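Enquirer: What would the 3D arrangement of this be:
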Amino acid sequence: MEDIFVRKATLLDSEALAILNYEFNQIERPAQYVAQCLTNNAEIVVIAESDSVIVGFGCAQVNRSFCYNHLSGEITEMYVRPAFRRSGVASLLLHELEKLLLELDVDAIKILTGASNNTAKIAYQKKGYRLKTSLLLTKIFSSERKNSTH
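Expert: Below is the predicted model of the structure:
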């Protein structure tokens, strides 16, 4: 494995993150938008670099509720370029996100992944995550509704 360096993302990483995000989920986000998201501090973003090239990223958030005395963390995104998969990059990103979430005093961290994503499920379980039975319900509002004026 090549030397991989993992760190918190900075504004200088915005362009590379915009490109990686498109590779990840085919959604275009201008680098300026990514920079704004990095600035608002609502999300923790870490990157993995090899020879000064960003080869992966991970994102996490802290969830707070007045209903509970504790904070919980959620790892929301994880992407590693195909050429760097199965080389420990995702583990390094996961470790850094866990470290940063624990510094913010979370009591638990959850990860949502696809039911058919067996590679991710096995990898997360090797890192101590346990599969919990739950039901995810989603309601999607059409883009027409969002763009209409009422």
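
Enquirer: quick one: Ile54 is in a helix?
Expert: No: counting by DSSP: H, G, I helix; E, B strand; the rest coil, Ile54 is not found in a helix; it is strand.

Enquirer: helix, strand or coil for His95?
Expert: Quick answer, by three-state DSSP: His95 is helix.

Enquirer: if I look at it, how far off is Thr119?
Expert: For His95, the distance to Thr119 (CB to CB, to the nearest Å) stands at 18 Å. Backbone N, C-alpha and C define where each C-beta goes, glycine included.

Enquirer: In terms of neighbours, single out the busier of those two.
Expert: A count of neighbours by other CB atoms under 10 Å puts His95 above the other of His95 and Thr119, at 15 against 12.

Enquirer: which ones are touching that one?
Expert: His95 makes contact with Val6, according to CB atoms under 8 Å, 6 or more residues apart in numbering.

Enquirer: Going along the chain, name the strands of the chain.
Expert: 5-8, 44-50, 53-63, 71-80, 106-111 (DSSP state E).

Enquirer: Same list, those strands, but as a markdown table with distance to Leu137 please.
Expert: Shown next, in a markdown table, are those (distance: least, CB to CB, whole Å):
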| stretch | distance to Leu137 |
| --- | --- |
| strand 5-8 | 33 |
| strand 44-50 | 26 |
| strand 53-63 | 17 |
| strand 71-80 | 17 |
| strand 106-111 | 16 |
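
Enquirer: Looking at the ones you listed, spot the one closest to Glu23.
Expert: Ranking those by distance to Glu23, with CB to CB as the measure, places strand 71-80 first at 7.2 Å.

Enquirer: That closest one - what's its average pLDDT?
Expert: Across strand 71-80, the average pLDDT comes to 94.

Enquirer: before we move on, what about stretch 97-112?
Expert: 94.

Enquirer: how far does it sit from the chain's center?
Expert: 12 Å (CA atoms, centre = their mean, to the nearest Å).

Enquirer: One more: stretch 47-57?
Expert: That offset, for stretch 47-57, works out to 14 Å (CA atoms, centre = their mean).
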